[in-house]
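Asker: Need coordinates for the below:
(chains A, B and C)
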Amino acid sequence: MTNEIYIILDLIGTFVFAVSGAVAARQRGLDVFGIFAIAFTTACGGGIIRDLCIGAIPPTGLTHLPYLLTALAAAVISMAFYSWVNILNHPVLIFDAVGLSVFAIAGTRKVLAFGFNYEMAILLGITTAVGGGVLRDVLLGRVPVILRREIYASAAMVGAAIVVFGSHMSYDINITSAIALFICFGMRFMGLHYHWNLPTFGIRKK
Amino acid sequence: MTNEIYIILDLIGTFVFAVSGAVAARQRGLDVFGIFAIAFTTACGGGIIRDLCIGAIPPTGLTHLPYLLTALAAAVISMAFYSWVNILNHPVLIFDAVGLSVFAIAGTRKVLAFGFNYEMAILLGITTAVGGGVLRDVLLGRVPVILRREIYASAAMVGAAIVVFGSHMSYDINITSAIALFICFGMRFMGLHYHWNLPTFGIRKK
Amino acid sequence: MTNEIYIILDLIGTFVFAVSGAVAARQRGLDVFGIFAIAFTTACGGGIIRDLCIGAIPPTGLTHLPYLLTALAAAVISMAFYSWVNILNHPVLIFDAVGLSVFAIAGTRKVLAFGFNYEMAILLGITTAVGGGVLRDVLLGRVPVILRREIYASAAMVGAAIVVFGSHMSYDINITSAIALFICFGMRFMGLHYHWNLPTFGIRKK
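Answerer: Next up is the predicted model:
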């Protein structure tokens, strides 16, 4: 039961991240293949980097067909219903927050399950959640938006840290994960709703 | 005999990809070392990413001296005969299509030979063929040209898919590879000759 | 004793590279989290790429807490004493040259210690030294500065080559390393002092 929820949430995250990649790629004028490629990279890139770093060969994102199909479906839907995606911008941001939270918690759990230490679990939990978006922005020639503003990677970090803390205290992993998911999502949602930003240091010099 | 043809085609692909890297790096004003670095990365980057993903440690591109020497020779020649390279633009594009085809087919075969599934073989076959060019463009601060226009990565995908299909049907790998090479090269060549592009969605918004 | 010197030099390199990342990230207007992320990536990115390529899982940069703490401390200090960092620009460049040298030599030694060949040792020695800076510039949307001008990666290459030569001749590794460190640092220092640049080919066309 719990596992099924995670699989569904995981595919929701994959779908929404792929939508964000496809929309950004279309705005940059990429062709159909480029849109597919960016959608897939945004959805699966973070997990692939994590798997390379923990030695999980082959990376799940490259061998598990549901991920690829979900990403391709998301790209097709984004292209076919582009004007709707813009109208649905707010719901998409909500699902994106779901994806962020699920990827952060699932990534952290996978690193711990492979027996690596807490530092690695937190760093790669964040990487799982934000790596795809960073690759998307780098490939599209933009400074990664998640490094520039808003509560985003920091929500992933808090989620990952809660999972690690729960693991250290030997709490039930499912309960800890649910709490981490809720807090990570809540931080991101509140950040969106109230336009919270992390502090910066004045004007951007180019 | 067949093997020798592949080794020669492989080095031709390495050479031509390195030329494209060196020319682009020179146009961006990089210094001599930067030109070497971009030439080598363009030629060997796709294969190195593939090898990391399939756990083929050490990656061939980093240990097999002929690749490095071919890439360096290509960079030297590009610098010494720069005006010729521009005149030879058309032949270079033809050789580039050869490199694309050989890298796609050789990459797909290597992934299958390591025992991974079809999805991974196709995804990493494409990566082998276009990964170096993507790295080149990212390092030079451009949106990867292969994601923006033309039949390029899609030709690599078709080539990889033919190899996978042939492997699934247990056809002779050398015959399948030859057909895949021919079709991949043909798609790219026709695309160049007739200026075929994949569809995009209108103006690029920055 | 010798080992302790290397650990100290290694942490100095980590610190200085993290400072360069934090300063560049702040100039680009990144938020606090982004500044931490770029500082850590600049300091540890080269070593992580090297470790992935030699199969040293988990990568030291992700599991060894002193690196993370040093990078975070460097980011905090860069933010708190930003105006000082500018005044201290010249000393920072000197320490950066120390970091470059230590990372090149330590990276080369690690690859040799893992039993890989000379080509790989030199290529990944350079990668260890300059990989973090390249990632920093790519993430900040700049063409990597080390590929554009100055004696930088070429100094790392000379340092790596000296270590490999010493290993091939079975010279004492500590003496060879000291010589390599001295020459690599010297090249970079002279390059800075006399504004030496590697040759380029005229105007940069965008």
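Asker: Beyond the helix or strand of chain A with the lowest mean pLDDT, next helix or strand please.
Answerer: Every helix and strand in chain A was compared by mean pLDDT, DSSP states H and E; the lowest is helix A:82-87, with a mean of 69. Of the helices and strands lying after helix A:82-87 in sequence (DSSP states H and E), the nearest is helix A:89-113.
Asker: May I see the buried residues of that following helix?
Answerer: A:92-93, A:95-112 (16 or more other CB atoms under 10 Å in any protein chain shown). All C-beta spots, glycine's among them, are computed from the backbone N, C-alpha and C.
Asker: pLDDT of that helix, averaged?
Answerer: Averaging pLDDT along helix A:89-113 yields 84.
Asker: same check, this time on stretch A:61-76
Answerer: Averaging the model's pLDDT scores along stretch A:61-76 yields 93.
Asker: And the contacts of that stretch?
Answerer: Stretch A:61-76 has contacts (CB atoms under 8 Å, 6 or more residues apart in numbering or on different chains) with A:11, A:14-16, A:18-19, A:21-22, A:35-36, A:39-40, A:43-45, A:47-48, A:51, A:60, B:53, B:116-117, B:119-120, B:123-124.
Asker: Could I have the buried ones of the residues you listed as PyMOL selection syntax?
Answerer: Buried members of the contacts of stretch A:61-76, defined by 16+ other CB under 10 Å, are picked up in PyMOL with:
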select buried, (chain A and resi 11+14+15+16+18+19+21+22+35+36+39+40+43+44+45+47+48+51) or (chain B and resi 53+116+119+120+123+124)
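Asker: secondary structure class for the residue nearest to residue A:196 when sequence neighbours are not counted?
Answerer: In space, and not counting its chain neighbours, residue A:196 is closest to residue A:151: 5.4 Å by CB to CB, 6 or more residues apart in numbering or on different chains. At residue A:151 the chain is in coil, as set by DSSP: H, G, I helix; E, B strand; the rest coil.
Asker: contacting residues around residue A:151?
Answerer: Going by CB under 8 Å, 6+ apart, residue A:151 touches A:187-188, A:190-191, A:196-198.
Asker: which of these count as buried?
Answerer: By 16+ other CB under 10 Å, the contacts of residue A:151 give A:187-188, A:191, A:198 as buried.
Asker: For chain C, tell me which of these show up nearby.
Answerer: Subset of the buried ones among the contacts of residue A:151 in contact with chain C: residue A:198, counting by CB under 8 Å from any CB of the partner chain.
Asker: biggest separation within the buried ones among the contacts of residue A:151, which pair?
Answerer: By the measure CB to CB, A:188 and A:198 form the most distant pair in the buried ones among the contacts of residue A:151, at 12.5 Å.
Asker: before we move on, back to that, any idea which of the contacts of residue A:151 is the one closest to chain B?
Answerer: residue A:197 (22.7 Å; CB to the nearest CB).
Asker: touching chain B at all, whichever strand or helix holds residue A:22?
Answerer: Take DSSP H and E as the rule and residue A:22 turns out to sit in helix A:2-27. Yes - residues of helix A:2-27 contacting chain B under CB under 8 Å from any CB: A:25-27.
Asker: so how far is chain C from the spatially closest residue to residue A:106 that is not a sequence neighbour?
Answerer: Of all residues not flanking residue A:106 in the chain, residue A:10 sits nearest, at 6.2 Å (CB to CB, 6+ apart). Per CB to the nearest CB, to the nearest Å, residue A:10 is found 23 Å from chain C.
Asker: if I pick residue A:10, what's in contact with it?
Answerer: Contacts of residue A:10 (CB under 8 Å, 6+ apart): A:102-103, A:106.
Asker: out of the residues you listed, who's nearest residue B:141?
Answerer: Distances from residue B:141 to these, taken by CB to CB, are shortest for residue A:103, at 28.2 Å.
Asker: Return the residues in contact with the closest one.
Answerer: By CB under 8 Å, 6+ apart, the neighbours of residue A:103 are A:10, A:13, A:17, A:46-47, A:128-129, A:156.
Asker: how close does residue A:190 sit to residue C:79?
Answerer: Counting by CB to CB, to the nearest Å, the gap from residue A:190 to residue C:79 is 25 Å.
Asker: Close to chain B: what parts of chain A are there?
Answerer: With CB under 8 Å from any CB as the criterion, chain A meets chain B at residues A:25-34, A:37-38, A:48, A:52, A:55, A:57-59, A:62-63, A:65, A:68, A:79, A:82, A:138-141.
Asker: Mark which of those residues are buried, thanks.
Answerer: Among the residues of chain A next to chain B, those buried by neighbour count (16+ other CB under 10 Å) are A:25-26, A:28-34, A:37-38, A:48, A:52, A:55, A:57-59, A:62-63, A:68, A:79, A:138-140.
Asker: Inside helices: which ones of these?
Answerer: The helices, defined by DSSP state H, take in A:25-26, A:32-34, A:37-38, A:48, A:52, A:62-63, A:68, A:79, A:138-139 from these.
Asker: what about chain A, any weak spots by pLDDT?
Answerer: A:1-3, A:85-92, A:149-150, A:200, A:202-206 (pLDDT under 70).
Asker: Name the nearest residue to residue A:187, ignoring sequence neighbours.
Answerer: Among residues not flanking residue A:187 along the chain, residue A:155 sits closest, at 3.9 Å (CB to CB, 6+ apart).
Asker: that older thread, so the helix holding residue A:22 versus helix A:89-113, what angle?
Answerer: 130 degrees (axes from the mean of the first three to the mean of the last three CA atoms, to 10 degrees).
Asker: What is the distance between helix A:2-27 and the centre of its chain?
Answerer: 8 Å (CA atoms, centre = their mean, to the nearest Å).
Asker: now swap in stretch A:137-149 and tell me
Answerer: Per CA atoms, centre = their mean, the centroid offset for stretch A:137-149 relative to its chain is 14 Å.
Asker: contacts for that stretch?
Answerer: Contacting residues not belonging to stretch A:137-149 are listed as A:24-25, A:28, A:38, A:41, A:130, A:133-134, A:152-153, A:197-198, A:200, B:134, B:138, B:141-144, B:147, C:25, C:28-31, C:33-34, C:37-38, C:138-141 [CB under 8 Å, 6+ apart].
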